[in-house]
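Colleague: fold the stuff below for me.
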Amino acid sequence: MTTNVAVLDCGSNSTRLLIVSGEGDTLAREMRITRLSAGVDSSGNLSAEALERSYRVLELYRGMMDAHGVERGLLVATSAVRDAANGDEFLARATLITGVEARLLRGDEEAAFSYAGATRGLSPDPRPTLIVDIGGGSTELAVRIDGVVRAYSMQLGCVRVTERALGPGVVTAATATAASAMIDEQLDRAFDAVPALASLVGAVRLVGLAGTVATLAQLDAGLTHYDRNAVHHLRLSRADVRRWRGRLGELTPTQRLALPGMIAGREDVLVAGLYILDAVMGRFGAVELLTSEDDILDGVAASLI
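Modeller: Okay, here's the model as predicted:
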């Protein structure tokens, strides 16, 4: 008899849950904004407030897991916990609350799981498929070349770039320049670390995932409520990315939140995510992006079943 399995993803900006049956059918998929990484870049620690927000959501998710009869699962933690001196404290408490193993992923492991999740069910394409996973604290690049997944985790994320360079409000020429410089430096490091990335320029299928891309897709579609089918495998051009980056950059977070499709909790950091996305598209010569609602959760779930 197969049993239901749960995957919990404690990211820098959101905490998410996926419950699947033993056959791989999705039973529940949830997301809450918890901003676990708030202040980590400057303090080096997960704040008491961020920890409490995350613990409350994990308790909620444990209840959902009980309702679905989940006895087995895995909790994965990423950039915020990697960067925090008190990350072990979070992992220990998360294990107690959820009753499943809590595992801190390396950047390359995070990228590999994201690649596995995002590429499942994609139609064949003669070009290599590169995934870009823009999180709150890090951005992962992953591609399969000659049968091997090459991955790199950049110290870039919508929260990190917002806190360190762009700021949460109206974008100025100075903050835009600072953010672009920060992003370009990390992209240079990625190309130095994984020389094979250079072979993809102008010849890659780019697949984008995580909150920045999902919110962009909702905004572009003008959706007032989340519709997975409407934003999964949507095609967006680089011109779309730049148009929304410019439009949102001229607004305050409160004004952004009033737009159809904006997700509460992303209004202050989305613009930074779009700066990252635009820079990645520019660096790889990609004029189009394919969105994916399948991501690290699905990759981890597949490994468990």
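Colleague: now Glu101. Its backbone dihedrals?
Modeller: Torsion angles at Glu101 (phi, psi; degrees, to the nearest 10) stand at phi -60, psi 140.
Colleague: and the residue nearest to it when sequence neighbours are not counted, what does it touch?
Modeller: Spatial nearest neighbour of Glu101, excluding adjacent residues (CB to CB, 6 or more residues apart in numbering): Leu74 at 5.6 Å. Just so you know, the C-beta spots here come from the backbone N, C-alpha and C atoms, and that holds for glycine as well. With contacts defined as CB atoms under 8 Å, 6 or more residues apart in numbering, the neighbours of Leu74 are 6-8, 100-101, 103, 300, 304.
Colleague: could you work out the most separated pair of these?
Modeller: Ala6 and Arg103 (13.4 Å; CB to CB).
Colleague: neighbour count for these two, which is higher?
Modeller: Ala6 (27 against 13; other CB atoms under 10 Å).
Colleague: burial count for Thr45?
Modeller: Residue 45: Asn, not Thr. Going by other CB under 10 Å, the residues that sit close to Asn45 add up to 16.
Colleague: test my guess that it contacts Asp83.
Modeller: No - between Asn45 and Asp83 there is no contact under CB atoms under 8 Å: 9.3 Å.
Colleague: quick one: the helices in the stretch 151-300 of the chain?
Modeller: According to DSSP state H, counting those that start in this stretch, the stretch 151-300 of the chain carries its helices in the segments 158-161, 173-193, 211-221, 228-231, 238-249, 253-257, 270-284, 296-304.
Colleague: these: which one's closest to Leu130?
Modeller: Among these, helix 270-284 sits nearest to Leu130 (CB to CB), with 6.6 Å.
Colleague: now do the same end-to-end measure for stretch 228-240.
Modeller: 20 Å (CA to CA, to the nearest Å).
Colleague: for that stretch, buried residues please.
Modeller: For stretch 228-240, burial by neighbour count (16 or more other CB atoms under 10 Å) applies to 231, 234, 236, 238, 240.
Colleague: give the rounded mean pLDDT of that stretch.
Modeller: When pLDDT is averaged over stretch 228-240, the result is 91.
Colleague: show me the contact partners of that stretch.
Modeller: 29, 208, 214, 216-218, 220-221, 223, 278, 281-282, 286-294.
Colleague: for ChimeraX, write a command that selects the buried ones of these.
Modeller: A single ChimeraX command selects the buried members of the contacts of stretch 228-240 (16+ other CB under 10 Å):
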select :208,214,216,217,218,220,278,281,282,286,289,290,291,292,293,294
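Colleague: outline the domain layout of this protein.
Modeller: 5-104, 117-297 (automatic domain parsing).
Colleague: skipping its backbone neighbours, what lies nearest Gly24 in space?
Modeller: Spatial nearest neighbour of Gly24, excluding adjacent residues (CB to CB, 6+ apart): Ile305 at 5.8 Å.
Colleague: I figured Thr215 was touching Gly265, is that so?
Modeller: No - using CB under 8 Å, Thr215 is not in contact with Gly265; the gap is 9.8 Å.
Colleague: what's near enough to touch Ala116?
Modeller: 298-299, 302-303.
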